[in-house]
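**Student:** This is a predicted model, with the sequence first.
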Amino acid sequence: MIANQLPLLRRELWEHRAIYVTPLVIGLLIALMAITGQATISANHHVVELALWGAAYMEEAQRAAMITAMTFGIAGLLALAMLALAVFYCLDALYAERKDRSILFWRSMPVTDAETVVSKLVTALFVIPLVTCAVTFATHLVVLATASAWMAVHGANPWDLLWSTAPLGEIWLATLAFFIGMPLWLSPFAGWFLLVSAWTRRSPLLLGFLPIVVLPMLEKSLIGSRVLADAFFQRSVEMPLFRGLGAGPFMLRGDALLEGDALSSGILSRLDVAGFVTSPGLWLGLLACALLTAGAIWLRRYRDDS
Amino acid sequence: MTSLVSARNVSKHYGSVRALDRVSFDVEKGRILGLIGPNGAGKTTLLKAILGLTDCQGELSVLGFDPFRERKQLMQNISFIADVAVLPRWIRVDQLLDFVTAIHPRFSRARAQSVLARTKVPPRAKVRALSKGMVTQLHLSIITAIDAELLVLDEPTLGLDILFRKEFYANLLDDYFDEERTILVTTHQVEEVENLLTDVMFINDGRIVLEAAMEALPERYVELMTSGENAERARQLNPIFERDVFGKKVLTFEGVARERLRGLGELRTPGIADLFVAKIKGAAA
């Protein structure tokens, strides 16, 4: 089971180069935005002075909070792209091979259907997020480096203003926790999209999203309750990983970040790993993911498409 | 002799359609069995059942495994082409070899590469960029580089030109086949495999209509080319099929001793293709 996973995962990276191309492109765009932003500010020397003055007179904790907010904003943008990527990946994972009939070749290899489907789930829940996380770190460094260069050009000391106060270790630990926790939190969606991918004969995208949208609407209009709506939507806006920040799985909510003291005690003090791993929502989600994945395995194994 | 494949009353239904109807047969080690039947006869269903790709009723054992329930163990000792040109289009040739090397304990990369070296398949090309013939060459080079006890080929040379087809079968016999291996092959180009086969099985409407060793065919089947009165007399011996060739009658007999036909015309052993037509059409008449 385990020995086959490495070649199977490598296979997924060969097929879906978007797994690393997408975050790299987004990271590059963010870096470009940072550079153009700096260039725009540079045009007006009053603004430059004001910005540098403001940075210099900020308290260290405040400055650290600002940097943390900026880095998490970057992580959030990349996470957003990653979610889209992961959804398309899951919908394609068990559909494309049936469409082009290459499933017959894959199934001629001594690999079980469970091994194959699990490798695709692992790709969605771990490989894609960890690749995105690595690109996020690189983007952080690039943006900080361009900011340093900009400060140096305008006569400020980037070490004092930026590097000495940037809690990079903390930020990256929290970012890593975020990129590990968020996919687990959203895992039932991955399981669902894999199931649709294994099941549908056409338009996986439509069939993947239709029930998520329509079923809660039906429930509301027919029964008047909103159990499904809560199950689907609550999960995508609320994740109990960062205490008190109202952190959704997409990103830390911007307003919470900008609140003066929300981050002044450091992002790690907000990280609530224990609360996350003991939350029933996480385990219910993982259970749903396991059931849906088992369904996908069952379909790949037992459905005879002839 | 050990049975590599053993089927007892194997049936498979698709809704009300009966694709396989209580099929029983054995394939012994070291044989090359040709599975021949018209489209929709149940050939592919039978192969899929043998390969564990579909479930079926009845008892089916392949290399001692239940093919559907023990597919992974089976796949380590078996290699197959279930359909031509089903290699994923996005993969590169070297990636494909990397993958099979990592996944298949009985795959010899060197062997596959030596076969590929004789083709025009570029070693780092994407499958998408290869011609249909090259895709098949690539697939076959991988399949035959697996040290498998049972090789299953479903229309392996479809879409290939005649030169490659001849070469493929020659190589299969010279380089690949030995008494430890068993080959199961289906094809429409019957004449090309005729000299290769040790056994032949006809399947029609989900049933086996003929199962025989090639060397047993001359004893069981004979074709008489004749005309006029002799034809009339020969018809008394219940031919299974009759056809016209250049104004003459060709009658196919099953289980009729050649002595009884001598003097009535030219006798010969029917080729597989003619025998196939005689069995399928004769049964329908």
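**Tutor:** Great, that's in hand.

**Student:** switch to C-alpha atoms for all contacts and neighbour counts from now on
**Tutor:** OK.

**Student:** what ranges do the strands span in chain B?
**Tutor:** B:3-14, B:17-28, B:32-36, B:57-62, B:78-81, B:150-154, B:182-186, B:199-204, B:207-213, B:221-226, B:241-245, B:248-254, B:266-268 (DSSP state E).

**Student:** CSV please, covering those strands and showing mean pLDDT, distance to chain A and mean neighbour count.
**Tutor:** Listed next are the strands of chain B as CSV, based on pLDDT from 0 to 100; distance: least, C-alpha to the nearest C-alpha, whole Å; neighbours: other C-alpha atoms under 10 Å in any protein chain shown:
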stretch, mean pLDDT, distance to chain A, mean neighbour count
strand B:3-14, 90, 9, 18
strand B:17-28, 89, 11, 18
strand B:32-36, 92, 19, 25
strand B:57-62, 92, 14, 19
strand B:78-81, 86, 6, 26
strand B:150-154, 90, 10, 23
strand B:182-186, 91, 15, 22
strand B:199-204, 92, 18, 22
strand B:207-213, 90, 19, 17
strand B:221-226, 89, 35, 23
strand B:241-245, 87, 33, 15
strand B:248-254, 89, 35, 22
strand B:266-268, 88, 40, 15
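
**Student:** Make CSV out of those and add distance to A:Thr116.
**Tutor:** As requested, these are exported to CSV (distance: least, C-alpha to C-alpha, whole Å):
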stretch, distance to A:Thr116
strand B:3-14, 27
strand B:17-28, 29
strand B:32-36, 31
strand B:57-62, 23
strand B:78-81, 18
strand B:150-154, 23
strand B:182-186, 27
strand B:199-204, 34
strand B:207-213, 35
strand B:221-226, 49
strand B:241-245, 51
strand B:248-254, 50
strand B:266-268, 54
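
**Student:** and stretch B:46-55, how far apart are its ends?
**Tutor:** Counting by C-alpha to C-alpha, to the nearest Å, you get 10 Å between the two ends of stretch B:46-55.

**Student:** Touching that stretch from outside, list them.
**Tutor:** If you take C-alpha atoms under 8 Å, 6 or more residues apart in numbering or on different chains as the criterion, stretch B:46-55 is touched by A:301-304, B:5, B:12, B:20, B:45, B:56, B:60-62, B:66-71, B:74, B:82, B:152, B:154.

**Student:** what about the residue of the stretch 151-300 of chain A found nearest chain B, how many neighbours?
**Tutor:** Closest residue of the stretch 151-300 of chain A to chain B, C-alpha to the nearest C-alpha: A:Arg300 (10.1 Å). For A:Arg300, the neighbour count with other C-alpha atoms under 10 Å in any protein chain shown is 24.

**Student:** With the one 3 residues further on instead?
**Tutor:** A:Arg303 has 14 neighbouring residues, counting by other C-alpha under 10 Å.

**Student:** show me what contacts it?
**Tutor:** By C-alpha under 8 Å, 6+ apart, the contact set of A:Arg303 is B:Thr54.

**Student:** pLDDT wise, what is it at?
**Tutor:** You'll see A:Arg303 listed with a pLDDT of 80.

**Student:** Hmm, B:Arg18 is touching B:Gly206, no?
**Tutor:** Yes. B:Arg18 is in contact with B:Gly206 according to C-alpha atoms under 8 Å; the separation is 6.8 Å.

**Student:** Spell out which residues of the stretch 1-150 of chain A are next to chain B.
**Tutor:** Contact residues, the stretch 1-150 of chain A versus chain B (C-alpha under 8 Å from any C-alpha of the partner chain): A:4, A:7-8, A:11, A:14-15, A:97, A:100-105, A:108-112.

**Student:** Make a ChimeraX selection of the buried ones in these.
**Tutor:** Here is the ChimeraX command that selects the buried residues among the residues of the stretch 1-150 of chain A next to chain B (16 or more other C-alpha atoms under 10 Å in any protein chain shown):
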select /A:4,7,8,11,15,97,101,102,103,104,105,108,109,110,111,112
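
**Student:** Please verify my assumption that B:Thr226 contacts B:Leu267.
**Tutor:** No. Between B:Thr226 and B:Leu267 there is no contact under C-alpha under 8 Å: 9.0 Å.

**Student:** and A:Val227, how many neighbours does it have?
**Tutor:** Neighbour count of A:Val227, defined by other C-alpha under 10 Å: 11.

**Student:** next one: A:Ala290
**Tutor:** Other residues lying near A:Ala290 total 19 when counted by other C-alpha under 10 Å.

**Student:** which residue ranges form the helices in the stretch 201-306 of chain A?
**Tutor:** Counting by DSSP state H, counting those that start in this stretch, one finds helices in the stretch 201-306 of chain A at the ranges A:204-222, A:227-229, A:235-237, A:254-258, A:273-277, A:280-302.

**Student:** As CSV, those with distance to B:Leu173 would be great.
**Tutor:** Shown next, in CSV, are those (distance: least, C-alpha to C-alpha, whole Å):
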stretch, distance to B:Leu173
helix A:204-222, 45
helix A:227-229, 62
helix A:235-237, 60
helix A:254-258, 70
helix A:273-277, 61
helix A:280-302, 34
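
**Student:** Compare the mean pLDDT across those and name the weakest.
**Tutor:** Of all these, helix A:254-258 has the smallest average pLDDT, which comes to a mean of 52.

**Student:** Run through the chain and note the low-pLDDT ranges.
**Tutor:** Answering for chain A, as no chain was given. Chain A contains residues with pLDDT under 70 at A:1, A:244-265, A:304-306.

**Student:** Oops, wrong one, chain B.
**Tutor:** Low-confidence segments of chain B, defined by pLDDT under 70: B:1-2, B:83-85, B:284-285.

**Student:** now do 50
**Tutor:** Chain B contains residues with pLDDT under 50 at B:1.

**Student:** Need the outlier residue of it, farthest from its centre.
**Tutor:** B:Glu229 (39.4 Å; C-alpha atoms, centre = their mean).

**Student:** Look up how far chain A lies from that one.
**Tutor:** 50 Å (C-alpha to the nearest C-alpha, to the nearest Å).

**Student:** I'd like the distance between that residue and B:Gln236.
**Tutor:** From B:Glu229 to B:Gln236 the distance is 11 Å (C-alpha to C-alpha).

**Student:** can you check B:Ser3 too?
**Tutor:** Applying C-alpha to C-alpha, the value for B:Ser3 to B:Gln236 is 40 Å.

**Student:** for B:Ala49, same thing?
**Tutor:** Applying C-alpha to C-alpha, the value for B:Ala49 to B:Gln236 is 42 Å.
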